[in-house]
Structure formats: structure tokens, C-alpha cells
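Colleague: Using only what follows, build the 3D model:
(4 chains)
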Number of protein chains: 2
Amino acid sequence: MTGEDEHEKTAPVITHPLSPGERPTLKTISRITGLAIATVSRALSDAPDISVETKRRVRECADHIGYQPNRAGQRLRTGKTHVVSLLMPTEPDIMSHTAQLISSIAEGLQGTAYHLVVTPYAPNEDLMRPLRHMIGTGSADAVILNQTMPEDPRVAYLMERGFPFATHGRTIWADQHAWFDFDNRRFAELGIAALARRGRRHVLIVAPPLDQLYGQDILEGITKACQIHGMTPIWLKSATSDSASKVIETAVSAALKESPEIDAILCASPMSAITAIDAAERSGRVIGRDFDAFAKEATPLLTRFRREALTLHEDVAKAGKALARAVIQAIEQLQAAPLQGMDVPYYEDPLDLSRSQS
Amino acid sequence: MTGEDEHEKTAPVITHPLSPGERPTLKTISRITGLAIATVSRALSDAPDISVETKRRVRECADHIGYQPNRAGQRLRTGKTHVVSLLMPTEPDIMSHTAQLISSIAEGLQGTAYHLVVTPYAPNEDLMRPLRHMIGTGSADAVILNQTMPEDPRVAYLMERGFPFATHGRTIWADQHAWFDFDNRRFAELGIAALARRGRRHVLIVAPPLDQLYGQDILEGITKACQIHGMTPIWLKSATSDSASKVIETAVSAALKESPEIDAILCASPMSAITAIDAAERSGRVIGRDFDAFAKEATPLLTRFRREALTLHEDVAKAGKALARAVIQAIEQLQAAPLQGMDVPYYEDPLDLSRSQS
DNA sequence: ATGAAGCACTAAAACGTTTTAGATGGAGTG
DNA sequence: CACTCCATCTAAAACGTTTTAGTGCTTCAT
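Modeller: Below is the predicted model of the structure:
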């Protein structure tokens, strides 16, 4: 009876007897509601053996005083860090859409209990070291790898240890882990098709690095599409799409001299496209007249500069969001199957666009 | 006697009686060395009342078993999070050097006890909300703000609360807090001087947003330099360097029609330069012949595309490293004065470069 | 009446660290 | 001999959370 009276007294007039600067804890709620700390904790985590009425009261009180669980306490007790680590090669001195990827992963994590910490590593350094260190010190609950090779040893290591992770880019074990990727085969097919539709026949390929799966995908896509459309691919020697611009420039110039029949260029990255187009024009050819160019790009950079260039867009923000979802699912293991996704990039013909807008 | 004997016995033969998968803790070291946990802790933190010999023994043991302090434990006890939060507007669908900034801040934090967590916020949202949330939940020891306005309310708030922070970009309170910035006044002066040296007289300014201090700096620099070099600035109306490309394009076209005497363009960002040069060429002018362009850029993007464009380079990696240092100093308050730095960007004349290399 | 079962709650321990307030023992001092 | 002093070490508490193993109490079947 008196117990019920006390409840009646404290419940409506929630005055909190805590000094203003103090961060509220479970103990605070316990003091206010008169319940044990354990009860408060279990009420907030919706345990089955707490009455509905108690849960309501506790939650109300928690909302009222603005309770936020202390992560350090949780972390110490549960061993969970609430951290997702993005393992990325140190960013080179070049513009990229990596920031958008980071930003969108972090956004996707917003509202969950997880934070994104960025862990760069020197590209020439032992790939395994940062990963081992991260796992060894237990500084994250999961990893996102953003540049994976087909047989990436890190992926093998993570799978073996059963450590939650997701990759940006598939591997040969793609069916066994969470990943997100763009459909690079389709990029290649769309590119070759678009160039063929314009009557081009001899396409210079500024190839992607072949040690990564997306590179192999593009390779396959191009080969197949060239057969279908009767195109002849000329592979750029001694440079890939991520070579330094001078290397690409030299290689493109040499290729154009050697194979004057080239009337199209396909590039696996926007930056290499910029260089390649420039080199072609320096060799006296005019884009749109003497040749067409098709490039993969994540943002409207190239088209802004050369409307004549054909580009295939990738939705980087979508990739980030998907990776965030995937990695959380990997941590919580909601489902047996890892979350995977492939986004089909889209192609807009800039000639059509400029025609309709002007 | 027996106590000393035990020391003699345990010290040399360091066998660690811990199950292999277990992460070593202070308790582990305590067990191995026979010292109390408190002693081990104080030895590792180099407390004055621990003997030199004991410190040596403890450190040796710690190294041997690969002890790494449990951050959650430290965090709970000390209230320090060991987290630096980078508060950044969500990255738009555009290539940028932001990733390099993030990467280099994180690199600068490597080796310290701090991690970088990325906290994006919607640009249209209340600026204070994410900051308040961060401080309210105590989820970081310090913040880095990467786009500050001259009278940024966040900076005022942080100074008032005495919360450690550093900014990328100065404010009107620049003498009171840690910051790093590029010398944008100098960018403007160098640009105007370079254009004047080429005999140009009427320069179209694709102005930076004036609500940020770097914009005001550029404005001042241009005004002063134009006076000195006898140049006439024509300010682009209805668009700034971070407007959408279509807006910039329209505005540039209109300006060129209205002021045909324009023979130079100065742009506050590489992306706006790409658009502006394109628009000028669509109006029938040829870069290098009819006009010159000067742009601020962090990476060799623009010059790769249009060698004729003059650009001023910024060392983004240096900024990141400096911010990391500054924020750590702000946390540890090693010195009374906040760490500040201004980097002078450098200018290379691409005409000289192409002349000497080809 | 007795025991079992179930409901709603709680006390206490544990995670790993740092810090406070001593404890211990030997050396120096009166 | 009693004392202070000092150097070195330690026990215990605390940070906030979750979880284990209960405790009371009621109800219900026997």
C-alpha cells in the first residue's frame, strides 16, 4: 500500500535530484524510480521478466532526464566496442569520391550504436598488419575493407577468425561474406555498346588494374561485348587506369601512333579518361568527331568538362549505405546469409542531355 | 628473504600462465610478476613512487606478453574517450580532396592513443545539434571542425565550454583557438599577379562563398592585388564557386556577353574552374589565346585537363597532419597558446612546366 | 495444507582500469 | 628504545553497465 503510494507520488512529479552538469546513469533512474539498477537496465533492454507498467515508467523517466547509456560501461561489461573500422589505403593526392563513401557509411551507421573510425594504412605496408593490430587490440567490432583483391588475404583471415566484416568489392569467396560492388561487367558492356552504336570499331582500352576483381570483371565484359558488337579492342600497354597521368599520357600517345585506326577510348576511371582524352587531342584528334570516349565515373566531373565524353555513373552514396547495413548485419548476425548487393550503374548519353537542355 | 627469493625465481623465467586466446590485462602482469595490480598500473604510468627495478621488470613483462591497455577500462575510469570526432557536412556527389584530409588526420593520430571517428551532418540541419549531441553523450575528447564560418556559433560554444577542438579554417576568434588554414589572401594575390604578368586586364572572378572566412580573405586579396596591378575585377553575379555547375555556366556566359572585354578568369575552386573554362570556350573563346584562367586547387586535376590553366596548389596532407597535432595539443594542453598554422600554397606555371618537359 | 510453478523484482559480481588512503619495513634521529 | 621519515608497495573503491542466481510473493494443482 505505502509502496504503491510512493509510486503514485514520484511518478508524475519527476524532479531529478542530480546536480545539473552530471550525466544521468542507470543509478540516477534507479534513485528516481525507486527501482533497482538491475531492474532499470533490464527494463530498458526490454527483458521479458519486467512488467509492462515498470517498463513504461522507466522509459518515461529515462526520456525525461535524457539518459544515454555510457558506452565505456557497456563496452567494458559486454566486450563490444560499438566501433566499425574502415580500413583504407592512405588517400593519394588526387580528387576522388572516397570522402563520399566514408561520409555515407558514417551516415548509414547514424542512429545505430556504432561509430565509424577511419584507419588508414600505407599502401606499400604489409596488408595484414593493421588488421591484426585492430583485432589484437580489440578496437572494433567489425571492419570494412574498401579495396579488396580477388584472393585478399585479409578476407581469408577475417573469415577464418569469424570476425564480422564487409567489403567494398567482391572476392573469390564472395558467396561467403558480406560485400557491395558495382556491376563492372555491365559497365564494360554498356560502354562498348554505346561506342559501337556511334559507329566506332577500334577501341583503345585504358584497362583497370587486374589484381582487383573489378578489373577482371571489366576485362571479361569488354572481351565479350567486343565479340558481340564486332569491335576490336586495343589494350593499352604499360599503363593502367590508376597509373600516374604522365605514364598514361605517354602510353596513349604511343598507342595512337601505332594504331591510327583507333576511333574510341574506354577508360576504367574518370581521371585516366581526362588524361587519355587530353593526350588524344594533343595527337590532333577531336573528341566527338574523330573519336568517342567512354569512362566509368562516380560523379559528373568528366561530363562537366567534356560533354562529348560518355560516362557511366555509380551511386557511391548507395554503396556506403549498403556497406553500413551489411556490416551491422554481420555483427548482429540477424540472418544466416551475409548481406550482399550489386548496383547497376546507369548511363546517360550526354549528347542527348545537351540537346534537350539547350 | 623468501620474498626476494621468489622475485629471483619468477623474474628470469617468464612463463605466462594464461590461456592463449586471452587478452592480457594488468591482472595478468600482476600474476606473473607477483606484484599488486596497482603497482603494475603505476609502474607502467611511470609513477614516482615505484622503484626503477620494478618498473623495468613490469615493462619487460608487459612487452613480452604484448600487453595493451583495455581502452574501455581506461575510459570508464578516467572519463576520457580517446576519440577525436571529425564533424563534417555530408559529402556531396562530387570529387574532392576531403578523403585526403580525413586520411591524413587519421594518420597524424596514428601512434597516439586517439582514434578518428567521422561524424557527418546534413548541411541544412541545425549546426549545433550534432555538436551538442557529441558533447552531451561525451562521445569524444575533442572535435575537428572542417568548414568554419567567421563567427561560427559552434566555435563560440566550444570555447565557452572549454571543450578541446581545432578548426580547418580560421574564425574571428582565431587568436584564441587552434586552427589550420591556407593563405587564401596570398592565393588571390598570386593569381592576379600571374594573370597581369600575361598582359590580362579584365578578370572575371568566380567568387568563393563569402560567409566563410577564406572567401573574405580571397575577396580582400583580389581587391588589393587588382589595385596594385591595375586590373579590373568583374565579379560574377548570382553564382559562387560552390554553386551547381549549371548555375555557374549560365552566370559565366551572361557575364562574358555583358562584358566582352574580359580576358581572364579567376576561380576559387577547381570544379568551378572546369565549368567556367568550359563555358568560356563555348562562348567562342580559346584558353591561352583569348583568355587565361587561374584556379585554386588541391590536386593536379585541372592542369591535367587543361594545361593552359594556371593553378595554385594546396598541400592537404600537411593540413591534416597539422590538425591532428593541434587537436592533441588542445586535449593535453601542453602549452598555453593553441597551436595554429597557415600554409602558403605554391604556384607552378604550367606553361613553364610543359615547355621544360616536352 | 503442501508443493510446484511462475511472476516481478533485486543483490552482487564482474569487466579492467586508476587513484586514494594507507600498510610495511627499514633507516635515521633524539 | 621510541620516534619519525621515507621509499616502496598494496587493498579497496570507484567508474557504469550487464548478467547470474537468486528472493519473495502469489496462484494453482494436488
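Colleague: Let me see the contact set for residue A:322.
Modeller: Applying C-beta atoms under 8 Å, 6 or more residues apart in numbering or on different chains, we find residue A:322 in contact with A:108, A:180, A:339, A:341, A:343. Quick note: C-beta positions are derived from backbone N, CA and C, even for glycine.
Colleague: Adjacent strands (with direction) for the strand or helix carrying the fourth one?
Modeller: Element membership for residue A:341 (DSSP states H and E) is strand A:340-343. Using DSSP bridges, the neighbouring strands of strand A:340-343 in the sheet come out as strand A:178-182 (parallel).
Colleague: After the strand it pairs with, which helix or strand is next?
Modeller: Immediately after strand A:178-182, counting by DSSP H and E, sits helix A:184-197.
Colleague: Run through the neighbouring helices and strands of that next one.
Modeller: helix A:213-229, strand A:264-267, strand A:292-297, strand A:310-313 (3 or more C-beta pairs under 8 Å, 6 or more residues apart in numbering or on different chains; DSSP states H and E).
Colleague: okay, those, which one's buried deepest?
Modeller: Comparing the helices and strands packed on helix A:184-197 by mean neighbour count (mean count of other C-beta atoms under 10 Å in any protein chain shown), strand A:264-267 comes out on top with a mean of 30.
Colleague: average pLDDT for it?
Modeller: Here strand A:264-267 scores 94 as its mean pLDDT.
Colleague: same deal with stretch A:286-300?
Modeller: Stretch A:286-300 comes out at a mean pLDDT of 80.
Colleague: and DNA strand C, which of the helices and strands packed on helix A:184-197 is closest to it?
Modeller: Checking these against DNA strand C by C-beta to the nearest atom of the strand gives helix A:213-229 as the closest, at 38.7 Å.
Colleague: Past the closest one, which element shows up next along the chain?
Modeller: Next along from helix A:213-229, by DSSP H and E: strand A:232-235.
Colleague: Mean pLDDT per helix and strand in chain A: which one sits at the bottom?
Modeller: Taking mean pLDDT, DSSP states H and E as the measure, the helix or strand of chain A with the lowest value is helix A:2-10, at a mean of 36.
Colleague: If you count contacts, what does the helix or strand just after that one end up packed against?
Modeller: Scanning forward in sequence from helix A:2-10 by DSSP H and E, the next helix or strand is helix A:26-33. Judged by 3+ C-beta pairs under 8 Å, 6+ apart, the packing partners of helix A:26-33 are helix A:37-44, helix A:52-65.
Colleague: Burial-wise, tell me which of those helices comes out on top.
Modeller: It is helix A:37-44: most buried of these by mean count of other C-beta under 10 Å, with a mean of 19.
Colleague: And that helix, how far out from the chain middle?
Modeller: 37 Å (C-alpha atoms, centre = their mean, to the nearest Å).
Colleague: And DNA strand C, is that helix touching that?
Modeller: Yes - using C-beta under 7 Å from any atom of the strand, helix A:37-44 reaches DNA strand C at A:37, A:38, A:39, A:42.
Colleague: filter the residues you listed down to the ones near DNA strand D?
Modeller: Okay, of these touching DNA strand D (C-beta under 7 Å from any atom of the strand), that's A:37, A:38, A:42.
Colleague: need the contact list for the second one.
Modeller: What that stands for is residue A:38. Residue A:38 is in contact with no residue at all, counting by C-beta under 8 Å, 6+ apart.
Colleague: pLDDT score for it?
Modeller: Per-residue pLDDT puts residue A:38 at 95.
Colleague: what's the answer for residue A:339, then?
Modeller: Taking residue A:339 on its own, its pLDDT is 76.
Colleague: Can you report how many residues lie near it?
Modeller: Using other C-beta atoms under 10 Å in any protein chain shown, residue A:339 has 19 other residues around it.
Colleague: ok, it touching residue A:331?
Modeller: No - in this structure, residue A:339 is not within contact of residue A:331 by C-beta atoms under 8 Å, at 11.2 Å.
Colleague: Would you mind listing what in the stretch 51-200 of chain A touches DNA strand C?
Modeller: The stretch 51-200 of chain A comes close to DNA strand C at residues A:51, A:53, A:54, A:76, A:77, as judged by C-beta under 7 Å from any atom of the strand.
Colleague: Name the nearest of those residues relative to residue A:127.
Modeller: Ranked by distance to residue A:127 (C-beta to C-beta), these are led by residue A:76 at 31.1 Å.
Colleague: Could you find the closest non-adjacent residue to the closest one?
Modeller: Counting by C-beta to C-beta, 6 or more residues apart in numbering or on different chains, residue A:76 lies nearest to residue B:72, which is 4.1 Å off, once chain neighbours are set aside.
Colleague: And the helices in the stretch 251-358 of chain A, which stretches?
Modeller: Along the stretch 251-358 of chain A, counting by DSSP state H, counting those that start in this stretch, helices occupy A:270-282, A:302-305, A:316-332, A:350-357.
Colleague: how about the ones you listed, which one is nearest DNA strand D?
Modeller: Of all the helices of the stretch 251-358 of chain A, helix A:316-332 comes closest under C-beta to the nearest atom of the strand, at 13.2 Å.
Colleague: now do the same end-to-end measure for stretch A:221-236.
Modeller: In stretch A:221-236, first residue to last residue: 16 Å (C-alpha to C-alpha, to the nearest Å).
Colleague: That one: how far from the chain's middle?
Modeller: 30 Å.
Colleague: Does residue A:145 touch residue A:168 like I think?
Modeller: Yes - when contacts are counted by C-beta under 8 Å, residue A:145 is listed as touching residue A:168 (6.9 Å).
Colleague: Quick check: nearest residue in space to residue A:65, chain neighbours excluded?
Modeller: residue A:24 (4.6 Å).
Colleague: Do you know the pLDDT at the one you found?
Modeller: 93.
Colleague: cool, residue A:117 as well?
Modeller: 97.
Colleague: Repeat that for residue A:50.
Modeller: Note for residue A:50: predicted pLDDT of 93.
Colleague: isn't it right next to residue A:42, touching?
Modeller: Yes - judged on C-beta under 8 Å, residue A:50 makes contact with residue A:42 at a distance of 5.3 Å.
Colleague: Against residue B:163, how distant is residue A:255?
Modeller: Note on residue A:255: its distance to residue B:163, by C-beta to C-beta, to the nearest Å, is 57 Å.
Colleague: Those two: who's more crowded?
Modeller: residue A:255 (25 against 17).
Colleague: show me the contacts for that one.
Modeller: Contacts of residue A:255 (C-beta under 8 Å, 6+ apart): A:204, A:234, A:236, A:237, A:262.
Colleague: Kindly report the same for residue A:173.
Modeller: A:155, A:156, A:159.
Colleague: and the residue in the stretch 251-358 of chain A positioned nearest to DNA strand C, how many neighbours does it have?
Modeller: Using C-beta to the nearest atom of the strand, residue A:331 is the residue of the stretch 251-358 of chain A that sits closest to DNA strand C, at 19.8 Å. Counted by other C-beta under 10 Å, the residues lying close to residue A:331 total 21.
Colleague: Roughly how far does the closest residue to it other than its chain neighbours sit from DNA strand D?
Modeller: Distances taken as C-beta to C-beta, 6+ apart place residue A:164 nearest to residue A:331, at 4.5 Å, with adjacent residues excluded. According to C-beta to the nearest atom of the strand, to the nearest Å, residue A:164 and DNA strand D sit 17 Å apart.
Colleague: Ok, residue A:76 next?
Modeller: 4 Å.
Colleague: Residue A:194 touches residue A:311, doesn't it?
Modeller: No - using C-beta under 8 Å, residue A:194 makes no contact with residue A:311, being 9.9 Å away.
Colleague: Residue A:211 is in contact with residue A:147, isn't it?
Modeller: No - the criterion here is C-beta under 8 Å, and residue A:211 misses it with residue A:147 at 10.2 Å.
Colleague: Give me the more crowded residue out of those two.
Modeller: residue A:147 (16 against 12).
Colleague: wait, what's in contact with the residue sitting nearest the centre point of chain A?
Modeller: In chain A, the C-alpha nearest the mean C-alpha coordinate belongs to residue A:320, at 3.7 Å (C-alpha atoms, centre = their mean). By C-beta under 8 Å, 6+ apart, the contact list for residue A:320 reads A:100, A:101, A:102, A:103, A:104, A:105, A:106, A:107, A:108.
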